[in-house]
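In: Below are the sequence and a predicted model for it; my questions follow.
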Amino acid sequence: MSCRASFPLFQMLYDKIYVTEFTGEDIVITPTEQATICSTIRGMDDYQHELVYAIIRCYQLQVDGQSIFEAPYNVKKIRNHQFRFELSNLPIHLQKILLLFIDIHNK
């Protein structure tokens, strides 16, 4: 079973980026949007962090086709169940998915 089928939030975000918004043009994330992603994720609670991690992991498995045993995008484990990602290591489409998730989260 794919992440899209088993994680409806990811499916909705993925479809929104790839079906609705993707027109063949390059997706651009501005420095302001990158700062918004970082600051918002820093302020989230543990449950919301788990959702962010699940989105990143599903993207890795769905789009990049990597093994479940590979850490996604050079993740660094900093404590038990706490991870650090460098936004610049994430694919631009995944950054856009996270930005959309944050927009939904802030509403």
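Out: Noted; the coordinates are in hand. Every value quoted in this text rests on a predicted model; they were computed, and no experiment measured them.
In: Residue 73 - nearest residue in space that isn't next to it in sequence?
Out: Using C-beta to C-beta, 6 or more residues apart in numbering and skipping the chain neighbours, the partner closest in space to residue 73 is residue 89 (4.5 Å). For every residue, glycine as well, the C-beta is placed using N, CA and C.
In: correction: residue 52
Out: Nearest in space to residue 52, with sequence neighbours left out and distances taken as C-beta to C-beta, 6+ apart, is residue 41 at 5.8 Å.
In: what does the helix or strand containing that neighbour contact?
Out: Residue 41 belongs to helix 31-42 when elements are defined using DSSP states H and E. Helix 31-42 is contacted from outside by 29, 49, 52, 87, 95, 98-99, 102, 105-106, using C-beta atoms under 8 Å, 6 or more residues apart in numbering.
In: In the very next helix or strand once past that helix, which residues are buried?
Out: Remark: after helix 31-42, the chain's next helix or strand is helix 46-59, criterion DSSP H and E. For helix 46-59, the neighbour count (16 or more other C-beta atoms under 10 Å) marks 52-53, 55-59 as buried.
In: got the angle between helix 46-59 and helix 31-42?
Out: Counting by axes from the mean of the first three to the mean of the last three C-alpha atoms, to 10 degrees, helix 46-59 lies at 120 degrees to helix 31-42.
In: Helix 46-59: what's the following helix or strand?
Out: Next helix or strand after helix 46-59 toward the C-terminus (DSSP H and E): strand 76-79.
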